[in-house]
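1. predicted structure and sequence below. I'll ask about it afterward.
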Amino acid sequence: MIDPCDIVILGAGPAGANASLSAARAGARVTLLDEQTQPGGQIWRAKSAAIIKAQPTPESDAGNTLRDCLANSAVTFVGDVRVWQIERTGDIWQVYTVADGQPGKIEAKALILATGAREYVQPIPGWTTPGVIGLAGATALLKHDMTPPGVATVVAGTGPLVFFTASEIRRLGGHVAAIVTPNTRRDWLSVMPAMLSRPDLVRRGLAWIANLTLARVPVLWGHAITRVEGARAVNGVVATKLDASGAPKGKKREIAADSVCLGNGLIPAVEAAQLAGADLRYHPELGGWVPGAMTDGSTKIKGLYICGDGAGIRGAAAAEIQGKLAGMVAANQLGFDLAPDFEALKSAHARAARFGLAMTALSLQKPGDQALTTPETILCRCESLSLARITAEIAKGAESINAIKSGTRAGMGACGGKFCHTAVARMMAASQGVDPADIPPPTARPPLRPVPASVFAEGFDYDDLPISKPAPL
């Protein structure tokens, strides 16, 4: 068992890492856990150890600074570890882990969840073809391995991530065949007032677009990929003009490519919060279902704090500040002094969140989105379940995600529904004519992540079984 501590934190991205630093500065004993080997999260992901020299970027600089701060702090960082269960006995939290195939447990007086987000991809014909990668997955590849996803890539999706990804692909020597985005220029103009709260990021975004324009990379505004071509590998896409509802109604365009990056925004990762007992509320402007948490991360449950994108998509800057607040208030509730800049940070969080919420608004669901998914399109990749199969289950009377999961195994694969449940829920809401808020997420159950069966056996070894000699014939 990992040594007991005052505060255990799940997730070492901008929110979790800064929460750990704030709590440790106050005097609390802090243990920080993450699935990655190094802190930084998705946005400040560390480069591969095989890359000795690389041109620095704002993300790599911020990540290196954070990792240096953690290395010189009293925080105990444990990387390459998976959390699969969370329990509470009295006032003590128990977090169950697995690392190198070995089970572990850590106990703490307070639990801070900084589990981040995952990306949402609207299922389209061919989206499971080898060569298709999520936008967030592409950024991980670009940041960690500094490798483009293919020779000629179509980058498609909503928000600023398409322009960042396309710009990075070109910087690292790849070719961008086209950028395809459902957003229109008018969409971007509508969020510009909020974006101006971060002029530094606006300038950086304009630099990406200028670079892509000078390189004559085609940008298809108000379009979406409606089909990925290729049986065993990507060889192109079909992009279609969208109407005002987001449905594909206009002219089609074929684009040759051997890789595709797809992404339609981020969704808070709330499964750990559900296991911890947090209530969920539906806020589309925050990415969908979010746990009830205050600006400082505090919840209705004693000793439980939730911060960062896992509490609602507000951007990296807001996540960093909310993490600091959560660390401060968690330590304070355990008897340590509250940092003097607590109130100032709360005001700074509101300013930072304004920009992040504007970016999230560019990925809000539109009524016509569901028209991009045909009956034959796979919704659940792990179990190879099509939209038609899910629709048939609804026709039989399934009225919830749990019922569909029970009847079809949707969400019972290795990902645990993290890549399909949102798509299934949105399809259910559209087909039944109800608000997505009326389709709650499935019940969270352990394990949160796939773990070896030996973890549950507590050291059981088949070699210890008494095996009788073969019976005589």
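-> Yes, it's here.

2. leaving out chain neighbours, which residue sits closest to R88?
-> Q94 (7.0 Å; CB to CB, 6 or more residues apart in numbering). Placement of C-beta: from N, CA and C, glycine included.

3. helices and strands around the helix or strand where the one you found lies, which ones?
-> Taking DSSP states H and E as the definition, Q94 sits inside strand 92-99. Strand 92-99 sits against strand 5-10, strand 82-89, strand 102-113, with contacts defined as 3 or more CB pairs under 8 Å, 6 or more residues apart in numbering; DSSP states H and E.

4. which of those sits most buried?
-> Mean neighbour counts were taken over those using mean count of other CB atoms under 10 Å, and the top value, a mean of 26, falls to strand 5-10.

5. what helices and strands are in contact with that one?
-> Strand 5-10 is packed against helix 14-26, strand 30-33, strand 92-99, strand 102-113, helix 316-333, with contacts defined by 3+ CB pairs under 8 Å, 6+ apart.

6. who does it pair up with?
-> strand 30-33 (parallel), strand 102-113 (parallel) (DSSP bridges).

7. tell me where the chain has helices.
-> For the chain, the helices defined by DSSP state H cover 14-26, 58-71, 135-144, 161-171, 185-195, 199-214, 271-275, 316-333, 342-361, 387-395, 401-408, 421-432, 454-457.

8. and the gap between the residue nearest the centre of the chain and T213?
-> Using CA atoms, centre = their mean, the residue of the chain that lies closest to the mean C-alpha position is R118, 1.8 Å off. Noted for R118: a distance of 31 Å to T213, by CB to CB, to the nearest Å.

9. coming back round to it: got the strands paired with strand 5-10 as CSV, with mean pLDDT and distance to V176 columns?
-> Formatted as CSV, those follow (pLDDT from 0 to 100; distance: least, CB to CB, whole Å):
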stretch, mean pLDDT, distance to V176
strand 30-33, 98, 37
strand 102-113, 96, 37
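
10. give me the sheet partners of the strand holding Q94 and which way each runs.
-> Paired neighbours of strand 92-99 in the sheet (DSSP bridges): strand 82-89 (antiparallel), strand 102-113 (antiparallel).

11. thinking again about what came up before, of the helices and strands packed on strand 92-99, which is nearest S73?
-> strand 5-10 (12.6 Å; CB to CB).

12. can you dump the C-alpha coordinates of that closest one into PDB?
-> Provided in PDB are the C-alpha atoms of strand 5-10 (Å, rounded to 0.1, in the frame of the first residue of the first chain):
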ATOM      1  CA  CYS A   5      -1.500  11.000   3.200                       C
ATOM      2  CA  ASP A   6      -3.600  14.000   3.900                       C
ATOM      3  CA  ILE A   7      -4.700  14.500   0.300                       C
ATOM      4  CA  VAL A   8      -4.700  12.200  -2.700                       C
ATOM      5  CA  ILE A   9      -5.100  13.700  -6.200                       C
ATOM      6  CA  LEU A  10      -6.200  11.800  -9.300                       C
END
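
13. ok, residues contacting that strand?
-> Strand 5-10 has contacts (CB atoms under 8 Å, 6 or more residues apart in numbering) with 16, 19-20, 23, 28-34, 76, 83, 93, 95, 106-115, 272, 327, 330-331, 334.

14. so D438 touches A430, yeah?
-> No: contact criterion CB atoms under 8 Å: D438 and A430 do not qualify, at 11.8 Å.

15. separation between V176 and E168?
-> In terms of CB to CB, V176 sits 10 Å off from E168.

16. neighbours around I179, how many?
-> 24 (other CB atoms under 10 Å).

17. now do the same contact list for it.
-> With CB under 8 Å, 6+ apart, I179 has these contacts: 154-156, 162-163, 166, 212, 217-220.

18. got CSV for the residues you listed, with pLDDT, neighbour count and distance to M294 too?
-> Shown next, in CSV, are these (pLDDT from 0 to 100; neighbours: other CB atoms under 10 Å; distance: CB to CB, whole Å):
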residue, pLDDT, neighbour count, distance to M294
V154, 99, 28, 41
V155, 99, 31, 37
A156, 98, 30, 36
V162, 97, 26, 33
F163, 97, 22, 33
A166, 98, 28, 37
L212, 96, 21, 40
V217, 98, 20, 43
P218, 98, 14, 45
V219, 98, 18, 40
L220, 98, 20, 41
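
19. of the residues you listed, closest to V228?
-> V154 (8.9 Å).

20. got a list of what the closest one touches?
-> V154 sits in contact with 176-180, 225, 237, 239, 255, 257, 259-261, where contact means CB under 8 Å, 6+ apart.
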